[in-house]
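Asks: with the input below, show me the fold.
(6 chains)
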There are 4 protein chains.
Amino acid sequence: MTEFGDSADSTSVAKPECQPFGRPAAGEDPIKREQILDGAQCIFMRMGFDAASMNDITREAGVSKGTLYVYFKNKEDLFAAIITRQKLAIYALLEDLLAKKLSLEETLYQFGVILATHLLSEKAIRGQRIVIGVIDRMPELANTFFAHGPNSGPNMFANYLHKQVELGKLKPMDDAVLISRQFGDLCLAGLFRPRLFGEMKEPPPAERIEKNVETAVRLFMNAYGR
Amino acid sequence: MTEFGDSADSTSVAKPECQPFGRPAAGEDPIKREQILDGAQCIFMRMGFDAASMNDITREAGVSKGTLYVYFKNKEDLFAAIITRQKLAIYALLEDLLAKKLSLEETLYQFGVILATHLLSEKAIRGQRIVIGVIDRMPELANTFFAHGPNSGPNMFANYLHKQVELGKLKPMDDAVLISRQFGDLCLAGLFRPRLFGEMKEPPPAERIEKNVETAVRLFMNAYGR
Amino acid sequence: MTEFGDSADSTSVAKPECQPFGRPAAGEDPIKREQILDGAQCIFMRMGFDAASMNDITREAGVSKGTLYVYFKNKEDLFAAIITRQKLAIYALLEDLLAKKLSLEETLYQFGVILATHLLSEKAIRGQRIVIGVIDRMPELANTFFAHGPNSGPNMFANYLHKQVELGKLKPMDDAVLISRQFGDLCLAGLFRPRLFGEMKEPPPAERIEKNVETAVRLFMNAYGR
Amino acid sequence: MTEFGDSADSTSVAKPECQPFGRPAAGEDPIKREQILDGAQCIFMRMGFDAASMNDITREAGVSKGTLYVYFKNKEDLFAAIITRQKLAIYALLEDLLAKKLSLEETLYQFGVILATHLLSEKAIRGQRIVIGVIDRMPELANTFFAHGPNSGPNMFANYLHKQVELGKLKPMDDAVLISRQFGDLCLAGLFRPRLFGEMKEPPPAERIEKNVETAVRLFMNAYGR
DNA sequence: TATGAATGAGGGTTCATTCAT
DNA sequence: TATGAATGAACCCTCATTCAT
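Replies: Residues are numbered from 1 along each chain as shown, chains lettered A, B, ... in the order given. So this is what the prediction gives:
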């Protein structure tokens, strides 16, 4: 795999169990790690990938170059970690939602609203723009948005759909992952491209998103509901 | 206007009628201009905006640095010219189509197929990725995709819609430009994001696009048809 | 102030009192700073401002490009620092002299000799040539030779003259700064232009300067002495 | 000698005697030559030697690059021709004066006024600055200001002095050329350096120059008059 | 003869990364 | 372990000069 593949290491959450006292091992202090990610996110989102300099980032994060390079192998790795963090934050929200055991339609609706609200937020849009801009150099990173690992958003939702099929709430479906992506796409329909290309300068108002998601849920239920 | 605005000059097609013989004026030889654009397009699409170096481009295009800078005032201008060329090529196809005076539904269908086929092609996807990646530095360039100039794609289509309204084929509509964009979005539904993020490695097969567009036309006609 | 004004920062002497041990802060090691200035002075004086390349300078100074740009923000700033260093060195000599409290005539004489000897030295002549050559781009730098800051040469001498007036040794004078400049001019009379234009290849011998200054002192005392 | 030495060729006045009719030989049309010099002078004086580009000059002069390079071997040669032209213009004025056979003192006075007025003019000051700035690359050019050729200013004046000695109007003198330079220096005393370093932004008013020259003449006559 | 398009070395400057402290 | 000074390749762009037309 590409060298980007290695970044899974620095991306995984630090495990502090071996150092209950004293200074954490090099590159293992989760607080410092977050501090670096916060600073780097700020700079990357403001400047883009290439225009952001590691110096800017160290300054913003308040750490030294050496420390930065202990926590992250290089600029790409650092950026990947930021994107991963963003993604995991959304996944966590979605996971919480699914754990709530709401009705199917309410779940679909909430799921769509959370997804759309976050993916269309300024922060996420900027992140997605950068990811898209460096896709040739870091192709794995873009994939990451779709379906990596069993806890990824689409897989999580696909599992939910499967369960609903077993419960008889939905018709049997061949490729639940594909369908879960299509549902996501439907929730973003008409909003994503204008946001991405900067035509829509602000995130759409909540009502706009809600209406979009309602339509998406209706279409989804028409197609797969029982 | 912004400095990007100037690029319209170098973007406008050279007018060869005055120079049937002899050497073309500096920066005015359309063949050399195309040669440079071809080379630059190749490099930009392969490497992205920042990673592409002007040296790479001169090598690929087979011209010297000096010549390059006679035709294009800087890297941004050169890139803008490439994107504009792509855009104009699509507009030309769409214009040809509208000139054919097919039936409304056939026109909608053909329009959608052409649009989707081109916007999802490898070349266009790569171009759009780069545009998105440099959107903070060149915001005009992204706008260009939507509705600049009376002959832009959305405006052209909006004019067509207006005429159909006058002919009584469509219901009156408030914002034809918005609606024409929504129609375009619909044609790309479920395809654009996977292509943009590299999940769908190849352009979708023609049948896939056609099915998408059929659905889009049906929805459109349900909403606005008479 | 102009961007040249900023250079005062990099020009000010580093304050080493805080860093008795360890590595000096970036751009703050006075030894390295001198090393760069020495190398740059050598190159600038040999080639002139434009013909000197930053590469030449790094090579001569034995530092890398990056280091050079940590200490000096650009070529102009670097050159300004060299000139300022030269100027300050002369000012220091003149200040020492004035502190000696010699007789008025002896002071005038010594002042003139020091001034002329230094301004006509090869190093200073070359520096002045370059300053003159770039005067349109760096006008502040040329002014610097005349009367900036309370410790500048002319002001320092003007203060001395004022004191002598108060002591009754000299007649009251309207514009002591102007007069102190005229005295300097007189000390250089007949020597400055030939040196500047390269007709006089070597600095004039000490006796020549002394004779010039004697004449200048005599004229001065005739005009302003009591 | 340096390659600059060759420039004597392009500096000498074109001799059109062989081409009474038709187009002048390449690089021999004196009108075009003047046209180029005018444009180049304008650009050089405005921008300095290095910052002036040959493109700017061709544009200002209204000739093509090729033509420019037919008339002048290179940038240095072109600049040398401008300086030579300025110098010759002053020499011509001085020669006219000497031909008038005025009284000794009147001649000295007029000579000094003409010299100072021209050398302190904005055009000449800018020219001298540039000459000084490139003196390492074009040392001959600076010498040119002092005493090249039998018709140079100082030699011309020295000849005049010799004749006055023979007429018994002046005391015998060892080095008339040196003395004539000193006289020139005296006429510029107190004015040249402030002008050159840009402290005196405008040429001094006529009265100021006249007073300076009167003093110079008086000193001269005290020293050498009979 | 006159033109100006083309060349490409070289300019100043930046910045990801390393490693002595 | 943490620091940040140092590195130097690579960046975009300019321009004196040449030579095909």
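Asks: domain assignment for chain A?
Replies: Domains of chain A are assigned by automatic domain parsing as A:7-73, A:86-226.
Asks: winner for burial among the ones you listed?
Replies: Most buried of those by mean neighbour count (mean count of other C-beta atoms under 10 Å in any protein chain shown) is domain A:86-226; its value is a mean of 18. (C-beta placed from N, C-alpha, C; glycine too.)
Asks: mind checking the SS state of residue A:107?
Replies: helix (DSSP: H, G, I helix; E, B strand; the rest coil).
Asks: shouldn't it be in contact with residue A:161?
Replies: No: contact between residue A:107 and residue A:161 fails when scored by C-beta atoms under 8 Å: they sit 10.2 Å apart.
Asks: thinking again about what came up before, out of the domains of chain A, which gets the lowest mean score?
Replies: Lowest mean pLDDT within these: domain A:7-73, at a mean of 78.
Asks: with just CA atoms, put stretch A:44-52 into PDB.
Replies: Output of stretch A:44-52 as PDB, limited to C-alpha atoms (Å, rounded to 0.1, in the frame of the first residue of the first chain):
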ATOM      1  CA  PHE A  44      -5.000  23.600   6.900                       C
ATOM      2  CA  MET A  45      -8.600  24.700   6.700                       C
ATOM      3  CA  ARG A  46      -7.600  28.300   6.300                       C
ATOM      4  CA  MET A  47      -4.800  27.800   3.800                       C
ATOM      5  CA  GLY A  48      -5.300  24.500   2.000                       C
ATOM      6  CA  PHE A  49      -2.800  21.700   2.000                       C
ATOM      7  CA  ASP A  50       0.100  23.000   0.000                       C
ATOM      8  CA  ALA A  51      -0.100  26.600   1.200                       C
ATOM      9  CA  ALA A  52      -0.200  25.600   4.800                       C
END
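Asks: that stretch near DNA strand E anywhere?
Replies: Yes: Stretch A:44-52 reaches DNA strand E (C-beta under 7 Å from any atom of the strand) through A:50-52.
Asks: of the residues you listed, closest to DNA strand F?
Replies: Set against DNA strand F, the nearest of those by C-beta to the nearest atom of the strand is residue A:50 (9.7 Å).
Asks: which among the residues of stretch A:44-52 next to DNA strand E gets closest to chain D?
Replies: Of all the residues of stretch A:44-52 next to DNA strand E, chain D sits closest to residue A:51, with 29.6 Å by C-beta to the nearest C-beta.
Asks: using the three-state scheme, assign the closest one.
Replies: coil.
Asks: what's near enough to touch it?
Replies: B:50, B:137 (C-beta atoms under 8 Å, 6 or more residues apart in numbering or on different chains).
Asks: what about the residue most central in space within chain A, which SS state?
Replies: Central residue of chain A (C-alpha atoms, centre = their mean): residue A:87, 1.9 Å from the mean position. Here residue A:87 is helix, with the state taken from three-state DSSP.
Asks: any idea how far it lies from residue A:81?
Replies: Using C-beta to C-beta, to the nearest Å, residue A:87 is found at 11 Å from residue A:81.
Asks: residue A:202 should be in a strand, yeah?
Replies: No: Residue A:202 is assigned coil when assessed by three-state DSSP, not a strand.
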